[in-house]
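Chemist: Sharing a sequence plus its predicted fold:
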Amino acid sequence: MNKKIVFSVILGLVATVMSCRDESTYPLPYNDRNIGAYMRVVTLYSNVIDLNNLSGSALDGVFEAVDEEYGELLESFDIVVSFRRGLAVSSEVPVKTVAASEFAPVAEPTYSEYKRARIKIPTADAIAALQTATTNPLVGNPLNGDVFNFRGIVKLKNGKTFTNSNTNINILSGQFYNSTFVYSQVVRSQAGIAAGSWQGSYALTQVSLWSPNHSVALHSTAFPTYLNEKLFPDQNVTLETIADGLSTERKFTVNYRGESVTMRINLEPAPTTASSHPLAANYGNVFIPLQNTGVDCTPERQIYWTWPVGGAFGLSTGLPAGLLPVGLPQANTFNRGYFNTSQNGLTAGQQMFIHVDDDSDEYGRRNGYCTWVRRVSLRLTRL
């Protein structure tokens with residue numbers, strides 16, 4: 001076949017495919033057309049539902065409406081829920097509609113030009129909605145390992161809608177966009193977090209501080225002196241529940257960089273398998289939701305905390321303990337904080353470790369507003 005004919009056929013096929021593409025369903029500007037919108041997850045306060053306290057559990061977080069008019073095009077944010085037990089999945093049912101009027105500009109200082117809303121859906125509301133599902137494996141109360149899948153649908157004033165079915169990987173993931181549209185909450189048995197547990201007076205000690213962007217080898221030969229800093233002086237703190245929070249959440253006021261700051265944490269046991277946590281089956285994670293410390297970094301920026309990524313700071317070079325500079329972990333150290341789920345934190349000497357990435361930004365990106373992002377290990381010991 002003549003090469004010119006082949007090339008003409010290919011061009012025709014490409015033109016046909018492009019002409020069939022429905023650009024109105026794209027969430028981002030396509031060919032310089034501002035036609036889309038998405039819902040950014042700023043922070044979620046929990047990833048779990050407490051099997052032992054369903055009434056105190058919820059999907060709870062802060063969401064940001066993004067469109068070319070800074071959220072003004074939003075009509076509503078509708079949320080549906082489905083339920084999964086093993087391989088059985090229910091049909092989706094509506095559970096909440098958040099009107100555009102519930103989204104408001106962010107208080108200064110901020111670099112966001114978009115509107116945000118705090119959205120909370122109690123587990124009881126999700127269960128009640130699921131009772132109307134045409135197919136529903138939920139019989140009685142949820143079981144350990146069940147999953148509630150919430151899906152968001154952005155509705156614009158022009159009638160267009162956007163959800164996980166008409167978006168792309170760039171929007172679904174990534175620290176900046178972080179618009180997953182699906183928010184899964186796993187049911188976990190949290191018997192170790194019964195009412196009254198992990199509350200009261202604790203001695204707080206900054207155990208170590210390191211940069212997640214640096215290796216042991218680099219630290220051991222070129223450890224910047226400003227990294228070896230006491231961001232949290234030794235002190236006593238009081239853990240307490242949060243009035244509008246979840247049953248597994250705790251807060252405490254801490255002296256940080258010379259200022260009084262409230263830290264918010266969530267106690268999240270790992271799944272039931274022995275290999276589910278790097279320590280043991282009876283350990284869980286201390287989750288750090290993205291939060292603004294309120295401490296000024298510059299006249300226009302403040303310092304944020306966020307949850308460390310997984311893995312560990314390891315002595316991969318084989319250096320023996322004691323040879324690393326003071327302040328660095330002297331042994332293999334998990335990046336994420338942890339607690340023993342078989343304890344209740346009420347007996348003197350019981351401990352939890354809180355690990356937090358210091359100096360993030362308001363979207364949780366570990367790029368540092370003032371310094372390199374530093375990972376801090378805090379040890380809380382019951383008094």
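Modeler: Great, that's in hand.
Chemist: What's opposite Y183 in the beta bridge?
Modeler: F150 (DSSP bridges).
Chemist: Contact partners for it?
Modeler: Contact analysis of Y183 by C-beta atoms under 8 Å, 6 or more residues apart in numbering lists 41, 44, 59, 61, 149-152. For every residue, glycine as well, the C-beta is placed using N, CA and C.
Chemist: repeat that for 10 Å
Modeler: Contact analysis of Y183 by C-beta atoms under 10 Å, 6 or more residues apart in numbering lists 41, 44, 47, 59, 61, 63, 79, 81, 119, 121, 148-152.
Chemist: how far away is it from R85?
Modeler: 18 Å (C-beta to C-beta, to the nearest Å).
Chemist: Would you check how far apart I79 and L54 are?
Modeler: 18 Å.
Chemist: Tell me which of those two has more neighbours.
Modeler: A count of neighbours by other C-beta atoms under 10 Å puts I79 above the other of I79 and L54, at 23 against 18.
Chemist: quick one: which helix or strand includes that one?
Modeler: Take DSSP states H and E as the rule and I79 turns out to sit in strand 74-85.
Chemist: Do me a favour and average the pLDDT over that strand.
Modeler: Strand 74-85 shows an average pLDDT of 96 in the prediction.
Chemist: List buried residues within the contacts of Y183.
Modeler: For the contacts of Y183, a burial check counting by 16 or more other C-beta atoms under 10 Å picks out 41, 44, 47, 59, 61, 63, 79, 81, 119, 121, 148-152.
Chemist: how close does the nearest residue in space to I121 that is not next to it in sequence get to N236?
Modeler: Closest residue to I121 apart from its sequence neighbours, by C-beta to C-beta, 6 or more residues apart in numbering: L59 at 4.5 Å. From L59 over to N236 the distance is 34 Å, taken as C-beta to C-beta.
Chemist: just for the stretch 201-350 of the chain, where's the confidence low?
Modeler: 215-227, 270-278, 280-281, 315-323 (pLDDT under 70).
Chemist: residue contacts, V81?
Modeler: So V81 contacts 59, 90, 92-96, 121, 123, 125-127, 129-130, 133, 148-151, 183, 185 (C-beta under 10 Å, 6+ apart).
Chemist: related to what we said a few turns ago, just the CA atoms of the strand holding I79, as CSV, please.
Modeler: In CSV, the C-alpha atoms belonging to strand 74-85 read as follows (Å, rounded to 0.1, in the frame of the first residue of the first chain):
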residue,chain,number,x,y,z
LEU,A,74,-20.4,24.6,43.0
GLU,A,75,-24.0,23.7,43.4
SER,A,76,-23.6,20.9,45.9
PHE,A,77,-21.3,18.1,47.0
ASP,A,78,-23.4,14.9,47.2
ILE,A,79,-22.0,11.8,49.1
VAL,A,80,-23.3,8.2,48.6
VAL,A,81,-22.2,5.2,50.6
SER,A,82,-21.8,1.5,49.9
PHE,A,83,-20.8,-1.3,52.2
ARG,A,84,-18.4,-4.2,51.7
ARG,A,85,-18.1,-7.4,53.7
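Chemist: What strands flank whatever helix or strand comes next after that strand, and is each parallel or antiparallel?
Modeler: Counting by DSSP H and E, the element after strand 74-85 in chain order, helix or strand, is strand 88-89. With DSSP bridges as the test, strand 88-89 is paired with strand 74-85 (antiparallel).
Chemist: now R40, what's its secondary structure?
Modeler: Of the three states, R40 takes strand under DSSP: H, G, I helix; E, B strand; the rest coil.
Chemist: Setting aside sequence neighbours, what's the nearest residue to it?
Modeler: E64 (4.2 Å).
Chemist: Buried residues in the strand holding I79, which are they?
Modeler: 74, 76-85.
Chemist: P105 bridge partners, please.
Modeler: For P105, the beta-bridge partners are K115 (DSSP bridges).
Chemist: For F313, give its distance to R379.
Modeler: In terms of C-beta to C-beta, F313 sits 15 Å off from R379.
Chemist: pLDDT averaged over stretch 40-55 - what is it?
Modeler: 90.
Chemist: How far off centre is it?
Modeler: 10 Å (C-alpha atoms, centre = their mean, to the nearest Å).
Chemist: And stretch 48-57, by the same measure?
Modeler: That offset, for stretch 48-57, works out to 18 Å (C-alpha atoms, centre = their mean).
Chemist: what does stretch 88-97 give?
Modeler: Distance of stretch 88-97 from the chain centroid (C-alpha atoms, centre = their mean) equals 23 Å.
Chemist: end to end, how far does that stretch reach?
Modeler: Stretch 88-97 has an end-to-end distance of 26 Å (C-alpha to C-alpha, to the nearest Å).
Chemist: before we move on, what about stretch 230-244?
Modeler: Per C-alpha to C-alpha, stretch 230-244 runs 32 Å from first to last residue.
Chemist: Output stretch 104-116 as CSV, nothing but the C-alphas.
Modeler: What follows is stretch 104-116, C-alpha atoms only, in CSV (Å, rounded to 0.1, in the frame of the first residue of the first chain):
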residue,chain,number,x,y,z
ALA,A,104,-16.5,29.2,53.1
PRO,A,105,-13.2,31.0,52.3
VAL,A,106,-10.2,29.9,54.4
ALA,A,107,-9.1,32.2,57.2
GLU,A,108,-5.7,33.9,56.8
PRO,A,109,-2.9,33.1,56.7
THR,A,110,-3.4,30.8,53.8
TYR,A,111,-2.3,30.4,50.2
SER,A,112,-5.6,28.8,49.2
GLU,A,113,-8.0,30.8,47.1
TYR,A,114,-10.7,28.2,47.3
LYS,A,115,-13.6,27.4,49.7
ARG,A,116,-13.6,24.7,52.3
